[in-house]
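J.: model this:
(chains A and B)
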Amino acid sequence: MNQRLRRVLGVCLAAAWCLPAAGAETGTLLRNADLKAKPFLDADTLVKLPERAPVEVLSRQGPWMQVRHQGKQGYVRMLQVRLDLSDTALARAPAAASPGGISRPSGGAPTVTTGVRGFDEQALMNAEPAPEQFKLMVGYAATAEQAAQFAQTTPLTARTVPYYDTAGKPIKGGK
Amino acid sequence: MNLRTLSMAACVVALCGCQGGQGLEGMQIAGLDVGALSKNLGGLREIKEPEEIQMGQGVAETLLGASPVASDPELQRYVNTVGRWVAQQSERPALPWHFVVNDSDVVNAAATPGGNIIVTKGMLRSLRNEAELAGVLGHEIAHVVRKHHLNAIRKGAFVGLLAQGAQVAASGSQSAELVNALVGPTKELYARGLDKSDEYEADRMGIVLAARAGYDAWGLPNAIQTLATIKPDDNAVKLLFKTHPSPSSRLEQLATVMGSDFDAYASGAQNSERYLRVTQRVRLALQ
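T.: Numbering: from 1, shown residues only, chains lettered A, B, ... in the order given. Below is the predicted model of the structure:
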């Protein structure tokens, strides 16, 4: 392999490393944030990221989002990130599905290409009561026992957590 | 006096939430003095649970008239089980909770009095895992627990209900007719939305209900963060955005509420694999 080709290849690889993978979610920092080495408040800060820094979202756990910025990987609080418009969940649905499909115009946010069916304001205002649909709904109900069994096998462990008021203070007397 | 007529008129009075007959002085329904009745039956102002459940059925029938039940039994049972488990963590575990996925590509979810929760296929498509589903259902369950819609119907439907209630009472007062009398107010309420403070409260309670159920408490904030990526004028979110505070305002409040206290609940389950498997059909085809 000659020197020039090797250099071109090197540049391409470097670019690929910095660019988000196809289909990856990307976002922008809402404010200055510490990129943490681990998903803990007292973890080491790898680098201080400025407001509006672009990040690639790798995973989520609790309040933390694992992100990559300019090749550096670490954790920021998920509420410090605004996801980019082009990465909506709607876009995750295959674009091939149509009619009523979702398309993603180049460079823009995904849009619904045809009228969206049902449960919009017009459908609501034109709705006639559908008792037979309610019967169907009731037929799918799960009992408290079935729910408890589901939680046991998952497992989902019930915890005691109080409700919180608007100021973020726990409300006494809740579960 | 016809007992049914009496109970119907009492129901109308109760629904109106009038204080001791104020505003009802001299008002007659089917020959009854509603003002006097209201004073005598003041205790009925608080709607009893059976009435709430019956009203909720009527509201749900109207909402399902806008978009029917999606034909995916496995998905329906799954959403019902997750929903029921979250509802069991609430202060109203004994309600007859029903959950349903409706056949709509719109991104939305709704609750009715009495414990009926509707979530759209479009909403399921926008979520990443079971913790996000639990958060969204927790928000809707909170509306039921706090009787947000019930109270809004009582407040908002005063005039309309009185007029329609008079007809119902005059016609022999079948309880089903009371439900029919709610069709108009139901449509108005769900097209207009609740008070914003009710929505914020449902967010604050939704994260707690999901956390109590053993889920990652950040499911709801993650789901709202996704909503923020959809253009507000997109048909898929028009109604949801019209009836709720903006996603950024909701996230700001949740940031205040969750602070660092909720870090204790970060270890909850997400169950991504199961969620993606059960919702696969919804993702693969916009039928």
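J.: I'd like the distance between the one residue in chain A that gets nearest to chain B and residue A:84.
T.: Distance from chain B to each residue of chain A (CB to the nearest CB) is smallest for residue A:62, at 2.5 Å. (Each C-beta comes from the backbone N, C-alpha and C, glycine too.) Residue A:62 sits 22 Å away from residue A:84, taking CB to CB, to the nearest Å as the criterion.
J.: residue B:47 now?
T.: Distance, residue B:47 to residue A:84, using CB to CB: 46 Å.
J.: looking at these two, which one has more neighbours?
T.: A side-by-side neighbour count of residue B:47 and residue A:84, using other CB atoms under 10 Å in any protein chain shown, places residue B:47 first with 21 against 17.
J.: right, and that one touches residue B:153 too?
T.: No: proximity of residue B:47 to residue B:153 does not meet the contact threshold set by CB atoms under 8 Å, at 9.3 Å.
J.: picking up where we left off before, tally of neighbours for the residue of chain A closest to chain B?
T.: By the other CB under 10 Å criterion, the neighbourhood of residue A:62 contains 22 residues.
J.: what residues does it make contact with?
T.: A:39, B:216, B:217, B:218, B:262, B:263, B:265, B:266, B:267, B:268 (CB atoms under 8 Å, 6 or more residues apart in numbering or on different chains).
J.: report pLDDT for it.
T.: Per-residue confidence at residue A:62 stands at 94 (pLDDT).
J.: how near is it to residue B:63?
T.: Going from residue A:62 to residue B:63 by CB to CB gives 33 Å.
J.: picking that back up, please list only the buried members of the contacts of residue A:62.
T.: Neighbour counting by 16 or more other CB atoms under 10 Å in any protein chain shown classes A:39, B:216, B:217, B:218, B:262, B:263, B:265, B:266, B:268 among those as buried.
J.: let me have the residues you listed in TSV, extended by pLDDT, distance to residue B:283 and secondary structure.
T.: Supplementary listing: the buried ones among the contacts of residue A:62 in TSV, determined by pLDDT from 0 to 100; distance: CB to CB, whole Å; DSSP: H, G, I helix; E, B strand; the rest coil:
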residue	pLDDT	distance to residue B:283	secondary structure
A:39	95	28	coil
B:216	96	21	coil
B:217	96	25	coil
B:218	97	22	coil
B:262	91	29	helix
B:263	91	31	helix
B:265	88	28	helix
B:266	85	27	coil
B:268	93	24	coil
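J.: for the residue in the stretch 151-287 of chain B positioned nearest to chain A, phi and psi?
T.: Shortest the stretch 151-287 of chain B-to-chain A distance, computed as CB to the nearest CB: residue-wise this is residue B:266, at 2.5 Å. For residue B:266, the backbone dihedrals are phi -70, psi -20 (criterion: degrees, to the nearest 10).
J.: okay, and the helix or strand of chain A with the least pLDDT?
T.: Comparing every helix and strand of chain A by mean pLDDT, DSSP states H and E singles out strand A:102-103 as the least confident one, with a mean of 41.
J.: and the helices in chain A, which stretches?
T.: Along chain A, the segments classed as helices by DSSP state H run A:3-18, A:89-92, A:121-125, A:131-139, A:144-153.
J.: can you flag the weakest of the ones you listed by average pLDDT?
T.: When the helices of chain A are compared on average pLDDT, helix A:89-92 comes out lowest at a mean of 48.
J.: ramachandran angles for the closest residue to residue A:146 other than its chain neighbours?
T.: In this structure, residue A:146 finds its nearest non-sequential neighbour in residue B:81, 6.2 Å apart by CB to CB, 6 or more residues apart in numbering or on different chains. In this entry, residue B:81 is assigned phi and psi values of phi -70, psi -50 (degrees, to the nearest 10).
J.: right, and residue B:81 touches residue A:147 too?
T.: Yes: with contact taken as CB under 8 Å, residue B:81 and residue A:147 are classed as touching, separated by 5.6 Å.
J.: ok so, going back, how much space between the residue of the stretch 151-287 of chain B closest to chain A and residue B:200?
T.: Spatial separation of residue B:266 from residue B:200 under the definition CB to CB is 23 Å.
J.: can you check residue B:223 too?
T.: For residue B:223, the distance to residue B:200 under the criterion CB to CB works out to 15 Å.
J.: the two: who's more crowded?
T.: Each of residue B:223 and residue B:200 had its neighbours counted (other CB under 10 Å), and the higher figure belongs to residue B:223 (26 against 18).
J.: residues touching that one, list them.
T.: If a contact means CB under 8 Å, 6+ apart, then residue B:223 has B:126, B:127, B:132, B:135, B:136 as its contacts.
J.: tell me the contacts of residue B:209?
T.: Contact criterion CB under 8 Å, 6+ apart gives B:86, B:87, B:89, B:90, B:134, B:138, B:141, B:142 as the residues in contact with residue B:209.
J.: mind redoing it with 7 Å?
T.: Neighbour list for residue B:209: B:86, B:89, B:90, B:138, B:141, B:142 [criterion: CB atoms under 7 Å, 6 or more residues apart in numbering or on different chains].
J.: what about chain A: which of these touch it?
T.: Filtering the contacts of residue B:209 for neighbours of chain A using CB under 7 Å from any CB of the partner chain leaves residue B:89.
J.: closest to residue A:28 out of the contacts of residue B:209?
T.: Of all those, the one with the least separation from residue A:28 (CB to CB) is residue B:138, at 28.0 Å.
J.: next up, phi/psi of that closest one, please.
T.: Dihedral pair for residue B:138: phi -60, psi -40, per degrees, to the nearest 10.
J.: quick check, pLDDT for the residue nearest to residue A:146.
T.: With respect to pLDDT, residue B:81 scores 98.
J.: now do the contacts for it.
T.: Contacts for residue B:81 were tallied using CB under 7 Å, 6+ apart; they are A:142, A:146, A:147, A:150.
J.: of those residues, select the buried ones using a PyMOL command.
T.: Applied in PyMOL, the following selects the buried portion of these according to 16+ other CB under 10 Å:
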select buried, chain A and resi 142+147+150
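J.: residue A:168: which of the contacts of residue B:81 is nearest?
T.: Checking these against residue A:168 by CB to CB gives residue A:147 as the nearest, at 29.9 Å.
J.: grab the nearest non-local neighbour of residue B:203.
T.: Excluding its sequence neighbours, the residue lying closest to residue B:203 (CB to CB, 6+ apart) is residue B:250, at 5.6 Å.
J.: all strands for chain A, in order.
T.: With strands called from DSSP state E, chain A shows them at A:25-29, A:33-36, A:45-49, A:54-61, A:64-69, A:72-77, A:81-83, A:102-103, A:111-112.
J.: lowest-confidence stretch among those?
T.: Out of those, the stretch the model trusts least by mean pLDDT is strand A:102-103, with a mean of 41.
J.: and the buried ones among the contacts of residue A:62, which is closest to residue A:68?
T.: The shortest separation between residue A:68 and any of the buried ones among the contacts of residue A:62 is 14.6 Å, and it belongs to residue A:39 (by CB to CB).
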